[in-house]
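Asker: Give me a model of this one.
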Amino acid sequence: MKTTCEILKEAKTIAVVGISNKPERDSGRIAIFLKERGYNVIGVNPVQKEFAGIKIYKKLTDIDQDIDIVDVFRNSNNIPDIIPDVLIKKPKVLWLQLGIRNDEAVKPVEDIGIQVVQNTCIAMEYNFCR
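Answerer: Presented below is the predicted three-dimensional model:
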């Protein structure tokens with residue numbers, strides 16, 4: 001199992017599930033933060049197509065490239081909804097942002113060897129690791 005610092009140093013492509021262009025939401029700000037630090041950031045939101053130069057897909061499975069980290073900004077109760085797509089895409093890491101945790105929902109992801117990080121802010125970890 002890799003540390004969060006190892007995950008972030010090795011990652012190149014991050015899909016931000018629940019990305020939003022609403023200024024009060026952290027998802028858009030953190031997506032920009034990650035993009036500015038050199039990551040290939042892709043958004044997932046069924047009602048948006050683009051935000052701050054970041055291409056947004058309706059579903060995770062619509063993304064036509066490999067994903068290192070799926071970074072999730074969805075309510076803990078909604079995590080089961082994204083698990084089937086995570087199992088199809090097989091990222092290296094499923095990352096649930098600060099305040100998001102669902103041990104039962106992520107179990108199938110862990111069972112196939114995908115590392116799961118829960119209740120942790122990716123931007124705070126990035127800053128800690130530098």
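Asker: ok, now how distant is Phe73 from Glu6?
Answerer: Distance, Phe73 to Glu6, by Cβ to Cβ, to the nearest Å: 23 Å. Every C-beta, even on glycine, is put in place using the N, C-alpha and C of the backbone.
Asker: Neighbour count: those two, which is higher?
Answerer: Regarding Phe73 and Glu6, a neighbour count based on other Cβ atoms under 10 Å identifies Phe73 as having more, with 23 against 12.
Asker: residues in contact with that one?
Answerer: For Phe73, the contacting residues are 16-20, 25-27, 30, 97, 100, by Cβ atoms under 8 Å, 6 or more residues apart in numbering.
Asker: next one: Val17
Answerer: Val17 neighbours (Cβ under 8 Å, 6+ apart): 44-45, 60, 70-74, 82.
Asker: show me the contacts for the residue nearest the centre of the chain.
Answerer: Nearest to the geometric centre of the chain sits Asp71, at 1.1 Å (Cα atoms, centre = their mean). Neighbouring residues of Asp71 by Cβ under 8 Å, 6+ apart: 14-17, 30, 34, 95, 97, 122.
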